[in-house]
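K.L.:
Sequence first, predicted model second:
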Amino acid sequence: MLTRTCIALISLLASFSLAKAAYLNLTLPGQHPNPEEVVQEVHRRVNASVVRREMLQVNQREQFSSCLTGNPIDDCWKCDPDWPKNRQRLADCAIGFGQYALGGKGGEYYIVTDSSDDDAVNPKPGTLRYAVIQPEPLWIVFPSNMLIKLNQELIFNSYKTLDGRGANVHITGGGCITLQYISNVIIHNVHIHHCVQSGNTNVRSSPTHYGYRTKSDGDGISIFGSKDIWVDHCSLSHCKDGLIDAVMGSTGITISNNYFSNHNEVMLLGHSDDYLPDSGMQVTIAFNHFGENLVQRMPRCRRGYIHVVNNDFTAWEMYAIGGSGNPTINSQGNRYTAPTNRNAKEVTKRVDTGEGQWRGWNWRSEGDIMVNGAFFVASGAGVEIKYEKAYSVEPKSAVLIDQLIMHAGALGVGGRVLGLGL
């Protein structure tokens, strides 16, 4: 009897060990097998755009060289004077881990004509809420300036593009934007601010389903268990919790050309140190301007691979980039300007972790410019070998930051006519 018990116990432990090993090696749907290849491609795209701009300047083709900035995303679509007639070309312009986000490409255009948000269960046709819950791909546009005050979180369905070009679109209120267990969303050129907690009520998430929602955190954009997401040219500020949070196995995300300001906990990537699926999280943070009155979390990472490239950090109160749970942080070609507080000069912060643990984490700074005493504490055993491929294409010098991020945030209306073009 004792022998049988021991055999059973050994079998149980063995099966548990195998299950644990499988769990530790989880691969998220949409996770890139070689993140360094994605890093290289980002640098190739930036380098190609910068070289093209320089060549046009030499050839004195002012019409084009004055438009091109070296920012590969903007140069992909902004220099076409007829871009409003081909809005969906934007879906081909993403870089980094979120480059496969299709949004509503190939779908019909939906014009938001009603700024109201009176009923979260039975939204009216013409409203933004009615558009985002539909099952089919949609490219959502706005015919005029619009302020949308949400009563509850705005729950998206997959394959949607929110395209605010040609108008000043502001989204505020309850929620605000929730991307939960979906894929292929592009959010472009909108102002998202003063988002507060909401919930404890029913909210519709598709034409055939609504359900009870508990109290939301009050994030500007909440990405939960989702993949292939691109947030570009948005201005975010003044929210209850995070401006952008990505958790619970989200991956394939690019956050680019945004302007962040007036907030405490800016961006959270990863649910918790113990949530192992977030080890497959892959996020590109590129060409953003982290502006005035920001405190911390630009971003704060738990697990995953985070590529922070060609951003401008103009100041912080506590720290810029933080993390726990052994994330990989690849910082390239950024400009970090430290605050005047001499106790807050460090760019990095290992949160609630002793040096004995974080010394082996792969945190690397390459080509970054440190201003006003800023300093980046790198770490990682064998870090040179791990990053050899990533650095085979040099990051563009941070001296070009002003050029690359000159249009960060929501694009204003004026100058060129930015109509619907439909």
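P.N.:
All right, it came through fine.
K.L.:
Would you double-check that Asp228 falls in a strand?
P.N.:
Yes. The assignment for Asp228 is a strand, going by DSSP: H, G, I helix; E, B strand; the rest coil.
K.L.:
Isn't Ala131 up against Leu138?
P.N.:
Yes. Ala131 lies in contact with Leu138 (C-beta atoms under 8 Å); the separation is 5.7 Å. C-beta coordinates here come from the backbone N, C-alpha and C atoms, glycine included.
K.L.:
which strands and helices sit next to the helix or strand containing Asn47?
P.N.:
According to DSSP states H and E, Asn47 maps onto helix 35-58. On a contact count with 3 or more C-beta pairs under 8 Å, 6 or more residues apart in numbering; DSSP states H and E, helix 35-58 meets helix 62-65, helix 72-77, strand 282-286, strand 305-309, strand 328-332.
K.L.:
average pLDDT across the last one?
P.N.:
Looking back up the chat, that one is strand 328-332. On average, the pLDDT along strand 328-332 is 95.
K.L.:
Go ahead and produce CSV holding the CA coordinates of that strand.
P.N.:
This file holds the C-alpha atoms of strand 328-332, laid out as CSV (Å, rounded to 0.1, in the frame of the first residue of the first chain):
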residue,chain,number,x,y,z
THR,A,328,13.0,43.0,-21.1
ILE,A,329,13.4,46.8,-21.7
ASN,A,330,15.2,47.9,-24.8
SER,A,331,15.7,51.7,-24.8
GLN,A,332,17.1,53.1,-28.0
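K.L.:
got the buried residues for it?
P.N.:
328-332 (16 or more other C-beta atoms under 10 Å).
K.L.:
How about the contacts made by the most centrally placed residue in the chain?
P.N.:
Nearest residue to the geometric centre of the chain (C-alpha atoms, centre = their mean): Ile255, 2.8 Å. By C-beta atoms under 8 Å, 6 or more residues apart in numbering, the contact set of Ile255 is 98, 231, 244, 267, 283-286, 288.
K.L.:
Confirm that it sits in a strand.
P.N.:
Yes. Ile255: assigned to a strand according to three-state DSSP.
K.L.:
Trp361 contacts Ser379, correct?
P.N.:
Yes. Taking C-beta under 8 Å as the definition, Trp361 is a contact partner of Ser379 at 5.1 Å.
K.L.:
if you count what's nearby, which of the two comes out ahead?
P.N.:
Between Trp361 and Ser379, counted using other C-beta atoms under 10 Å, the more crowded position is Trp361 (21 against 16).
K.L.:
Could you dump the contacts of Ile255 into JSON lines with neighbour count added?
P.N.:
Converted to JSON lines, these look like this (neighbours: other C-beta atoms under 10 Å):
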{"residue": "Gly98", "neighbour count": "28"}
{"residue": "Val231", "neighbour count": "30"}
{"residue": "Ile244", "neighbour count": "29"}
{"residue": "Met267", "neighbour count": "30"}
{"residue": "Val283", "neighbour count": "28"}
{"residue": "Thr284", "neighbour count": "27"}
{"residue": "Ile285", "neighbour count": "27"}
{"residue": "Ala286", "neighbour count": "30"}
{"residue": "Asn288", "neighbour count": "30"}
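K.L.:
between these, which is closest to Gly173?
P.N.:
Proximity of the contacts of Ile255 to Gly173 (C-beta to C-beta) peaks at Ile244, which lies at 17.1 Å.
K.L.:
Please report phi then psi for that closest one.
P.N.:
Taking degrees, to the nearest 10, you get phi -140, psi 120 for the backbone angles of Ile244.
K.L.:
now swap in Arg129 and tell me
P.N.:
phi -60, psi -40.
K.L.:
wait, it sits on Val121?
P.N.:
No. Counting by C-beta under 8 Å, Arg129 does not reach Val121; the two are 9.9 Å apart.
K.L.:
shared neighbours, those two?
P.N.:
Common contacts of Arg129 and Val121, defined by C-beta under 8 Å, 6+ apart, comprise Arg204.
K.L.:
Of Ala131 and Leu138, which one has the most company?
P.N.:
Between Ala131 and Leu138, counted using other C-beta under 10 Å, the more crowded position is Ala131 (23 against 20).
K.L.:
how distant is whichever strand or helix holds that one from the center of its chain?
P.N.:
Using DSSP H and E, Ala131 maps to helix 128-132. Relative to the centre of its chain, helix 128-132 is centred 22 Å away, using C-alpha atoms, centre = their mean, to the nearest Å.
K.L.:
again, but for stretch 171-184
P.N.:
Distance of stretch 171-184 from the chain centroid (C-alpha atoms, centre = their mean) equals 13 Å.
K.L.:
now swap in stretch 335-352 and tell me
P.N.:
Distance of stretch 335-352 from its chain centroid, counting by C-alpha atoms, centre = their mean, is 22 Å.
K.L.:
Only C-alpha atoms, please: export it in CSV.
P.N.:
The C-alpha atoms that make up stretch 335-352 are tabulated as CSV, following Å, rounded to 0.1, in the frame of the first residue of the first chain:
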residue,chain,number,x,y,z
ARG,A,335,16.0,61.8,-25.0
TYR,A,336,15.6,61.7,-21.3
THR,A,337,15.4,65.1,-19.6
ALA,A,338,15.6,64.8,-15.8
PRO,A,339,13.7,67.0,-13.4
THR,A,340,15.5,69.5,-11.2
ASN,A,341,14.9,67.3,-8.1
ARG,A,342,18.4,65.8,-7.6
ASN,A,343,16.8,62.7,-6.0
ALA,A,344,14.8,61.9,-9.1
LYS,A,345,17.5,61.9,-11.8
GLU,A,346,17.4,58.2,-12.5
VAL,A,347,15.4,57.2,-15.6
THR,A,348,14.8,53.7,-14.3
LYS,A,349,13.2,52.1,-11.2
ARG,A,350,13.1,48.4,-10.3
VAL,A,351,9.8,48.4,-8.3
ASP,A,352,9.9,46.5,-4.9
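K.L.:
List the buried residues in that stretch.
P.N.:
335-339, 344-351.
K.L.:
This completes my enquiry, with thanks.
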